[in-house]
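Engineer: Below is the structure, and that's it, no one-letter string:
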C-alpha cells in the first residue's frame, strides 16, 4: 500500500511505501551494452557537498539490507485533487529516489531525495516516467490544491544531521542559478531490485527551510534505482 503525506508544501512519499527491494538471495544479471557492471559489486550512492560539508552516502550492497549504514529507496504515487478531470488538471503523480542513513526506529536524518511531481488529467504513469529522460530539468513546485498553478518539474528534499527538513521549493524557491541534469537512464540488471532503471543525475541547487533560511547543494550526484516496477 502506498502512503502519501503532506509536509508544508511538499508531498512526501513515505519511506518503504513502495520499495525497489525484492526478498531473494539469487543474483542474476542480463547482458547490456550500457556501462552498468554485470556483477553484484555495483554500489548506489549520493555524493556531493551540502552546506559546505562533503557527503558520501554509499549503499555497499545491492540487497539493501537492514544492517547497512546507508540504504536506498524508490517510490511512486498518484492522487487526485479534483473530481473534474475534464475541465481541470485533476491529478498529480510522483516518482522519486532516496538515499538515507539507516537510523532504525529513530527519527530520519541524513536523508536526501530527488524526483518529479507533475500534473496530469489521466494519471498515465508514462507521463512521469518520461521525465527521467537524459537532459537538463527544470525545478518545480507541487500543487497542494486544484487552484494552485501547474509548475511541473524536479524537486530535491533533504533532512540534515539534526533532523531538520529542507526543500528546493520552500521559501522563495529561487533556483535561478541552479542546475539539475539527468545524466543516464540505464537498464537495471538485478533481479533482487524491483525497479526498471538505474538513474544517474547531477545537481547544484538551493534548499530552503520553513523559516526562510537556505543552504546549498553543490556538485551532487545520485546513482540509484528508479521507477518502481509494479
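Structural biologist: Great, that's in hand. Predicted model, so just to flag it, every value in this text is computed and none were measured.
Engineer: Downstream of the helix or strand that contains residue 201, the next helix or strand is which one?
Structural biologist: Secondary structure assigned from DSSP states H and E places residue 201 in strand 195-208. Past strand 195-208, heading to the C-terminal end, the next element that is a helix or strand (DSSP H and E) is strand 214-228.
Engineer: what helices or strands is that following strand leaning on?
Structural biologist: Other elements packing on strand 214-228 under the criterion 3 or more CB pairs under 8 Å, 6 or more residues apart in numbering; DSSP states H and E are strand 44-50, strand 70-80, strand 91-101, strand 195-208. Yep, even glycine has a C-beta here, placed from its N, CA and C like the rest.
Engineer: on that earlier part again, quick check: buried residues in the strand holding residue 201?
Structural biologist: Of the residues in strand 195-208, those scored as buried under the neighbour-count criterion (16 or more other CB atoms under 10 Å) are 195-201, 203-208.
Engineer: re earlier: got the helices and strands packed on strand 214-228 as CSV, with mean pLDDT and distance to residue 130 columns?
Structural biologist: As requested, the helices and strands packed on strand 214-228 are exported to CSV (pLDDT from 0 to 100; distance: least, CB to CB, whole Å):
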stretch, mean pLDDT, distance to residue 130
strand 44-50, 99, 23
strand 70-80, 95, 14
strand 91-101, 97, 10
strand 195-208, 98, 12
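Engineer: right, and residue 206 touches residue 174 too?
Structural biologist: Yes: using CB atoms under 8 Å, residue 206 is in contact with residue 174, at 6.3 Å.
Engineer: For the closest residue to residue 129 other than its chain neighbours, grab the count of nearby residues.
Structural biologist: The shortest distance from residue 129 to any residue other than its chain neighbours is 5.8 Å, reached at residue 227 (CB to CB, 6 or more residues apart in numbering). By the measure other CB atoms under 10 Å, the count of residues near residue 227 is 21.
Engineer: correct me, but residue 227 touches residue 197?
Structural biologist: Yes: with contacts defined as CB under 8 Å, residue 227 counts as touching residue 197 at a distance of 5.1 Å.
Engineer: Overlap in contacts, the two.
Structural biologist: In terms of CB atoms under 8 Å, 6 or more residues apart in numbering, residue 227 and residue 197 are both contacted by the residues residue 132.
Engineer: show me what contacts residue 220?
Structural biologist: 46-50, 112, 202-205.
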